[in-house]
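Peer 1: sequence and predicted structure below; questions after.
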Amino acid sequence: MTQHEQTEEAPDAKTIFHQPVMVDAVLAGLNCKPGANKRYVDCTVGLGGHAEAILAATTPYGKLIGIDRDAGALEQARARLKPLSDRVHLEKGSFRELADIMKKLNVEEADGFLFDLGVSSYQLEQAERGFSFQKPGPLDMRMDVESGPTAADWVDRLSQKELKEIIQTFGEERWATAISRGIIRHRSEEGPIRRTEELEQIIWRAVPSRFRHGRIHPATRTFQALRMVVNDEIAQIEAGLSAAIALLAQGGRLVVISFHSLEDRAVKHCFKCWSQKKEVTSEKRFINLYKKPQTADPAEISRNRRARSAKLRVLERAA
């Protein structure tokens, strides 16, 4: 799932609609053209916004495989893409499973891969998922609710040192020491932390009062750090990109949208290594198409505030 999606409930309908970020740049990056008989893989199909746009831009022959860890999102995508079902195949899975999914489908290569990283507003707006400190709910944060420990499990079992390192590394939080100490204190005095509102209040109290009313909420970076650890996001990104690059057809393109510095740093490093052949052992040749990442224009940012932090990079297999 992705960090960009503006969601709204349609009247008298269970299907959630959304507007994906940087659609035109994604289509240009993938080199989508009418009538193109090509296969694309949307590795973060989410609610199906980008997938729908790719299929529309390549009508009537373009085909798409959509993958997501979130079973609920896949249900929404399936409903949205039903009119195009003859050109779509959806699979539940993580980035690590990309190669296995392609093998299962007997697909040896694809002409385009899209990764739209981060958490989606669809996930953020579901209180029971525990991604947002703005919505009281269980401290879960799993993109795949069917597997793995929750954020509450991580917070309950980690030491103060481990919590500090996670919050510093994945949240780039200056108050990581105070926040981690506050968590340990709460655990010893009041028991396990099970709710988003509990953790938010612990963080609020741990941050010095003069820093509580800045541009972002004091809990933002800690929640981000926990989410990234719960979902093993950086390792998943690296595994997914490696699988995609191995499966990219000649002339094909890999498009990645990231939303914060840690994601973009990982993508930038991978693209640099591949374009300079530092981590490529075959005769394949890759071109990093943009020296600097593409960003959303002011008009889109005004419509969708999440687009303001989006960065899009494109790698092409030239030979």
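Peer 2: Perfect, I can see it now.
Peer 1: what residues sit buried inside stretch 189-204?
Peer 2: 193-194, 196, 198-204 (16 or more other C-beta atoms under 10 Å). To be clear about C-beta, it is placed using only N, CA and C from the backbone, and glycine gets the same treatment.
Peer 1: please identify which pair of the residues you listed lies farthest apart.
Peer 2: Greatest spacing in the buried residues of stretch 189-204, by C-beta to C-beta: Arg194 and Trp204 (17.3 Å).
Peer 1: re earlier: export the buried residues of stretch 189-204 as CSV, with columns for secondary structure, pLDDT and distance to Val107.
Peer 2: Below are the buried residues of stretch 189-204 laid out as CSV (DSSP: H, G, I helix; E, B strand; the rest coil; pLDDT from 0 to 100; distance: C-beta to C-beta, whole Å):
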residue, secondary structure, pLDDT, distance to Val107
Ile193, coil, 98, 43
Arg194, coil, 98, 42
Thr196, helix, 98, 39
Glu198, helix, 98, 45
Leu199, helix, 98, 42
Glu200, helix, 98, 44
Gln201, helix, 98, 48
Ile202, helix, 98, 47
Ile203, helix, 98, 44
Trp204, helix, 98, 49
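Peer 1: beyond the helix or strand hosting Lys161, next helix or strand please.
Peer 2: Taking DSSP states H and E as the criterion, Lys161 maps to helix 160-171. Sequence order places helix 176-190 as the next helix or strand after helix 160-171, per DSSP H and E.
Peer 1: what segments of the stretch 51-200 of the chain are strands?
Peer 2: In the stretch 51-200 of the chain, the strands defined using DSSP state E, counting those that start in this stretch lie at 63-68, 88-92, 110-116.
Peer 1: so Ala176 sits against Ile167, correct?
Peer 2: Yes - Ala176 lies in contact with Ile167 (C-beta atoms under 8 Å); the separation is 4.0 Å.
Peer 1: ok, the two, which is more surrounded?
Peer 2: The neighbour count for Ala176 versus Ile167, taken as other C-beta atoms under 10 Å, is higher for Ile167 (27 against 21).
Peer 1: residue contacts, the more buried one?
Peer 2: By C-beta atoms under 8 Å, 6 or more residues apart in numbering, the contact list for Ile167 reads 173, 176, 179-180, 221-222, 225-226.
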